[in-house]
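sequence and predicted structure are below.
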Amino acid sequence: MRYYYNYQPFGNKIIINCTRCLAKMRVPTDKGKLAVACPRCGMEFKYNPNSILHTLQQVFLLAASKLPGKHKKLLLAAILAIAVLSAVLVLILTSRSGRGATPRTGPFTI
């Protein structure tokens, strides 16, 4: 008996996109961290369905797969720029919190 894509029950599986060619593939959600190999391009990557970072990556890849070809590169460049800027912001904020932690001594302390 042949099952069609729209009617096959997914159960504990979700659809993710390949990070290189954006091909769709189903992976189980109850197995934890997985090493996934794309059947189209052969790229191997790690996927953790419980990780918020991997979930956000899949959301951006889904958005990139819906755009025309020239806009994919622009979207990926924007995502990379946002990731770099957020990492720099986190580094700046963590370095400032360490400096202000020492108590001040002087004539105006209570």
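Now that the structure is in, tell me what you want to look at.

show me where the protein has its helices.
Ranges of helices in the chain, per DSSP state H, are 52-66, 69-99.

so for the nearest residue to residue 57 once chain neighbours are set aside, what's the pLDDT?
Of all residues not flanking residue 57 in the chain, residue 19 sits nearest, at 7.5 Å (CB to CB, 6 or more residues apart in numbering). Every C-beta, even on glycine, is put in place using the N, C-alpha and C of the backbone. Here the pLDDT value assigned to residue 19 is 84.

who's in contact with residue 19?
By CB atoms under 8 Å, 6 or more residues apart in numbering, residue 19 lies in contact with 43, 45, 57, 61.

now the two most distant members of the residues you listed.
Spanning the widest gap among the contacts of residue 19 are 43 and 57, at 13.9 Å by CB to CB.

of those two, which one has the most company?
residue 57 (17 against 13; other CB atoms under 10 Å).

kindly check the end-to-end length of stretch 61-80 for me.
End-to-end span of stretch 61-80 (CA to CA, to the nearest Å): 12 Å.

in it, what counts as buried?
Buried residues in stretch 61-80, counted by 16 or more other CB atoms under 10 Å: 61, 64, 72, 79.

can you tell me how far the nearest residue in space to the third one that is not next to it in sequence is from residue 58?
With CB to CB, 6+ apart as the criterion, residue 72 has its nearest non-adjacent residue at 5.0 Å, and that residue is residue 64. For residue 64, the distance to residue 58 under the criterion CB to CB, to the nearest Å works out to 10 Å.

same deal with residue 44?
Going from residue 44 to residue 58 by CB to CB gives 16 Å.

who has more neighbours, these two?
residue 58 (17 against 9).
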